[in-house]
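J.: Give me a model of this one.
(one chain, ligands or ions: 1)
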Amino acid sequence: MKISNRLKTIASLVPKDAKIMDVGCDHALLDIFLVSEGRISSAVASDVRMGPIVTASRNVKDFGYEDKIELLVSDGIEKIKPDIDTVIISGMGGLNIIDILSKNLNLLKNVQTLILSPHSDIKKLRDFLEKTGYMIACEKVVFDNKYYVVMKLNRGKMKLSEEEKLLGPYLISHMDRDTENYFRYVLQKRREILSQLPSSLTFKKKELKKEIEMIETILDE
Ligand SMILES: C[S@@+](CC[C@H](N)C(=O)[O-])C[C@H]1O[C@@H](n2cnc3c(N)ncnc32)[C@H](O)[C@@H]1O
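T.: Prediction:
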């Protein structure tokens, strides 16, 4: 089965035989791939909207996985079941992911692993996760027409510096070519934003300058 590099990278971080809930599954292709690869035997694929669930249901049926992939209309993790040990949330903004998790922190008590791929506000998300009692076990950068970050977290404590919140502690300490290119991209974006900000936004400008310096230091520029 063919899926995007982004979804393949997410799949590679799922523990073998995990009991997963894929929140915001959309098409459920990730869940179908995971089952077809034998990495997991079953999955709960959920979405807040009925449209994606209808599409997912068609895809699940096409693969004959109706008895393996349960489809659920759920706002975030509100309908999580007690046997779920791994929650996947990908393809959403970081603030939406924070909202989904923070609304129902008590429902995460059996969840040992989070696999998250936010497309914005990653710094705020890492900051939230530090306070929530999860630690980053692995992070990967994948280029799939644009850059995506995927992170895997296990239960535990972490203490992140400002640089680590911005760029990811694992990515900084395992910097490969893709990661370095991603950091350069983040640096470029911040330089562009800074050059376009009106001078009245002094606080935002100061914050951006600080972040630019941090990235330059890490890249040894
Ligand atoms: C861009 S798609 C990402 C699909 C898939 N996870 C991926 O990474 O390819 C985002 C999906 O998240 C769903 N979504 C947004 N907010 C949600 C929430 N609070 N709870 C569940 N699903 C949500 C949307 O309906 C949409 O289907």
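
J.: Can you name the residues of this structure sitting close to the ligand?
T.: Selection of the chain residues close to the ligand by C-beta under 6 Å from any ligand atom yields 23-26, 47-49, 52, 75-76, 90-92, 96, 100. Glycine gets a C-beta too; all of them are placed from N, C-alpha and C.

J.: Buried members of those residues into PyMOL, please.
T.: A single PyMOL command selects the buried members of the residues of the chain next to the ligand (16 or more other C-beta atoms under 10 Å):
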select buried, resi 23+24+25+26+47+52+76+90+91+92+96+100
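
J.: Closest to residue 142 out of the residues of the chain next to the ligand?
T.: Distance to residue 142 across the residues of the chain next to the ligand (C-beta to C-beta) is lowest for residue 90, with 11.0 Å.

J.: need the contact list for the spatially closest residue to residue 55 that is not a sequence neighbour.
T.: The shortest distance from residue 55 to any non-neighbouring residue, by C-beta to C-beta, 6 or more residues apart in numbering, is to residue 27 (5.4 Å). The neighbourhood of residue 27, defined by C-beta atoms under 8 Å, 6 or more residues apart in numbering, consists of 52, 55, 56, 59.

J.: wouldn't residue 86 be in contact with residue 17 here?
T.: No: the pair residue 86 and residue 17 fails to qualify as a contact (C-beta atoms under 8 Å) at a distance of 9.9 Å.

J.: Looking at these two, which is more packed in?
T.: Using other C-beta atoms under 10 Å, the more surrounded residue of residue 86 and residue 17 is residue 86, with 21 against 13.

J.: Could you give the bridge partners of that one?
T.: With DSSP bridges as the criterion, residue 86 is bridged to residue 20, residue 113.

J.: Okay, now the unreliable bits of the protein?
T.: For the chain, no stretch is flagged by pLDDT under 70.

J.: That one: strands as residue ranges?
T.: 20-23, 43-47, 69-73, 86-92, 113-118, 134-143, 147-155 (DSSP state E).

J.: Distance to residue 180 for those strands - can I get that in JSON lines?
T.: Shown next, in JSON lines, are the strands of the chain (distance: least, C-beta to C-beta, whole Å):
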{"stretch": "strand 20-23", "distance to residue 180": "30"}
{"stretch": "strand 43-47", "distance to residue 180": "34"}
{"stretch": "strand 69-73", "distance to residue 180": "37"}
{"stretch": "strand 86-92", "distance to residue 180": "23"}
{"stretch": "strand 113-118", "distance to residue 180": "20"}
{"stretch": "strand 134-143", "distance to residue 180": "9"}
{"stretch": "strand 147-155", "distance to residue 180": "12"}
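
J.: So which of those is nearest residue 184?
T.: Among the strands of the chain, strand 147-155 comes nearest to residue 184, with 10.3 Å by C-beta to C-beta.

J.: in the closest one, what's buried?
T.: Within strand 147-155, the residues that qualify as buried by neighbour count (16+ other C-beta under 10 Å) are 147, 148, 149, 150, 151, 152, 153.
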